[in-house]
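Undergrad: sequence and computational prediction follow.
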Amino acid sequence: MFNPLDHKGIPLDQQIRNWGELNVEPIDPEAVDPYTRCRIITMNGIEVEAIMFSHQFTRNCRDADVKRQLAYTRFVESQQQRTVNWLLPGLSSVLETTLGYEQVAVDLTAWVARHEPDPYLKQAYEFGVLEDFDHLYRYANLYEMVERRKAEKIVNGVTEVMPGRPTVAEFRHPFDNVNDPYAKDAVDPRSKLHALTILSAEQQVLMYYMNTGPQYMEPIARQLYQEISLIEEEHVTHYESLVDPGETWWERLVTHEYNECWLYWSFMEQETDPRIKAVWELHLQMELAHLQQAADLLRRYDGREPEQIVGNTGLPEPLKFEPNKEYLRHLLATQIDLTKLGAGYVREAHERFEQMQEQIHGGEKPPSEAVIDAHREMFGDEYRSETEGPHPVESLRAQEGSRRA
Ligand SMILES: [Fe+2]
Ligand SMILES: [Fe+2]
Ligand SMILES: [Fe+2]
Ligand SMILES: [Fe+2]
């Protein structure tokens, strides 16, 4: 058991890094373990959330001393984010990084769904993961068209590539993306970490697509990024609405720092590349001091102990990047036709859903369908990587004569 509340970490005044320390050697995209790339993408999303959360906090805070403390730690978080994200190589294209982002969304969300103790929260992750699973398939088809390369080079056989809940059917009325929140004082502390982790990852995907989508020349690429970035907007709403809005700012700060400890510790345990492992280890030592600072602020301004927020049993079992093929196939077979109605899940296409579908598609095929048609036209079939046999949903099986990846 590791309880981060029992450790001091690196003193805050020793955490600012110089240019030499920030100048990290990027990973080799041809040789990297796909899950090392996934861990980098995840921790970038977590650090981005740490920074943006701290900015929001300071805009809502009157106390100048607290604002100075937040500014200091936020600068450290910013250096951590630069270090982590700069591990990605300039050699990789935006589409290759995109395939990594969707692989993260698939295997991170699937792990969280498998380990989430609350059934309502678990359903939210099971629902969302089938949509990002579909994005991976759409982008993989675009990738072969634009770059003449196969997505299995990136995802490396640990994640399958085939249709999920079709992106066309993922557009819901925005009202139906708002879920019920957990109750902060009753919920298992693990659930708080899960929700924060997934919403951070989805938020980073959203921002990445919003900003990189228009950098493409090819119309189909521009259109596909536009479409999927709007689904990611839905996903951020879906996941952030799970968090109890009654948590105080001090409480949220503790949860953020505790979550960073959990994830760096998890990835340190699992990392196969010793150079990257050293980054996770160093960052964990930094986060331990952030957590101490957050705990002090909570005691002083909220009159509570951090154990009341995150429990006193130490970190939960380490989060792992690992294949989830069977689990995903089970979800495909049982949940593909689900949609949302209010804060719940239904199987029938209700009126508000149909209305939204009509408004957004206007009777046309969206880019996520057009990209598959275009791929078939160019190569005679679509791109898939089905390593465990045919698709579990009969209507989504590859058409006769399709080339297998
Ligand atoms: Fe951090
Ligand atoms: Fe996605
Ligand atoms: Fe997503
Ligand atoms: Fe932190």
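TA: Great, that's in hand. Numbering: from 1, shown residues only. Ligands and ions are numbered 1, 2, ... in the order given.
Undergrad: quick check: phi and psi on the residue of the stretch 51-200 of the chain found nearest ligand 4?
TA: As assessed by CB to the ion, ligand 4 sits closest to E77 within the stretch 51-200 of the chain, at 5.3 Å. Quick note: C-beta positions are derived from backbone N, CA and C, even for glycine. Taking degrees, to the nearest 10, you get phi -60, psi -40 for the backbone angles of E77.
Undergrad: what about it, how many neighbours?
TA: E77 has 28 neighbouring residues, counting by other CB atoms under 10 Å.
Undergrad: residues contacting it?
TA: Each residue near E77 by CB atoms under 8 Å, 6 or more residues apart in numbering is listed here: 47, 50-51, 54, 290.
Undergrad: what's the closest non-adjacent residue to E227?
TA: Closest residue to E227 apart from its sequence neighbours, by CB to CB, 6 or more residues apart in numbering: P367 at 4.7 Å.
Undergrad: residues in contact with that neighbour?
TA: 220, 223-224, 226-227.
Undergrad: swap in Q293?
TA: By CB under 8 Å, 6+ apart, Q293 lies in contact with 12, 69, 73, 257.
Undergrad: and of these, the nearest to K150?
TA: Nearest to K150 among the contacts of Q293 is E257, at 40.4 Å by CB to CB.
Undergrad: doesn't E287 make contact with the closest one?
TA: Yes: with contact defined as CB atoms under 8 Å, E257 reaches E287; the gap is 6.1 Å.
Undergrad: look at those two and report which has more neighbours.
TA: Taking neighbours as other CB under 10 Å, E257 and E287 compare with E287 leading, 29 against 25.
Undergrad: and that one, what are its phi and psi?
TA: Torsion angles, degrees, to the nearest 10, at E287: phi -60, psi -30.
Undergrad: how about the secondary structure of K340?
TA: The local conformation at K340, judged by DSSP: H, G, I helix; E, B strand; the rest coil, is strand.
Undergrad: so that it lines up with my notes, have the first residue be 26 from now on.
TA: In the new numbering, first residue 26, that becomes K365.
Undergrad: distance of P36 from ligand 3?
TA: 38 Å (CB to the ion, to the nearest Å).
Undergrad: list the contacts of A149.
TA: A149 makes contact with 204, 263-264, 267, according to CB under 8 Å, 6+ apart.
Undergrad: re earlier: next one, pLDDT for the residue of the stretch 76-225 of the chain closest to ligand 4 please.
TA: For E102, the model assigns a pLDDT of 98.
Undergrad: same question, the one 5 residues further on
TA: On pLDDT, R107 comes in at 98.
Undergrad: which residue sits closest to it, ignoring its sequence neighbours?
TA: Closest residue to R107 apart from its sequence neighbours, by CB to CB, 6+ apart: L47 at 6.0 Å.
Undergrad: tell me who's in contact with N349.
TA: 131-132, 135-136, 139, 184.
Undergrad: okay, among these, which ones form the most distant pair?
TA: Spanning the widest gap among the contacts of N349 are R139 and T184, at 15.0 Å by CB to CB.
Undergrad: more crowded one of the two?
TA: Between R139 and T184, counted using other CB under 10 Å, the more crowded position is T184 (28 against 12).
Undergrad: which SS state does that one fall under?
TA: Following three-state DSSP, we place T184 in the coil state.
Undergrad: Q105 now?
TA: helix.
Undergrad: please tell me how far the closest residue to it other than its chain neighbours sits from E227.
TA: Take Q105 and drop its neighbours on the chain: the residue closest to it by CB to CB, 6+ apart is E72, 5.1 Å away. Applying CB to CB, to the nearest Å, the value for E72 to E227 is 15 Å.
Undergrad: quick one, which of the two is more surrounded?
TA: More crowded of E72 and E227, by other CB under 10 Å: E227, with 28 against 23.
Undergrad: ok, that one touching E257?
TA: Yes: look at E227 against E257 with CB under 8 Å: they come within range, at 6.2 Å.
Undergrad: anything in stretch 103-115 near ligand 1?
TA: Yes: using CB under 5 Å from the ion, stretch 103-115 reaches ligand 1 at Q105.
Undergrad: so how far is that stretch from its chain's centroid?
TA: 17 Å (CA atoms, centre = their mean, to the nearest Å).
Undergrad: CA atoms of it as CSV?
TA: C-alpha atoms of stretch 103-115 as CSV (Å, rounded to 0.1, in the frame of the first residue of the first chain):
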residue,chain,number,x,y,z
SER,A,103,3.2,23.9,-16.6
GLN,A,104,6.8,22.7,-16.7
GLN,A,105,5.6,19.1,-16.1
GLN,A,106,3.1,19.4,-19.0
ARG,A,107,5.9,20.7,-21.3
THR,A,108,8.2,17.9,-20.3
VAL,A,109,5.5,15.2,-20.8
ASN,A,110,4.0,16.5,-24.1
TRP,A,111,7.5,17.2,-25.5
LEU,A,112,8.2,13.5,-25.2
LEU,A,113,6.1,13.2,-28.4
PRO,A,114,8.2,13.4,-31.5
GLY,A,115,7.8,16.1,-34.3
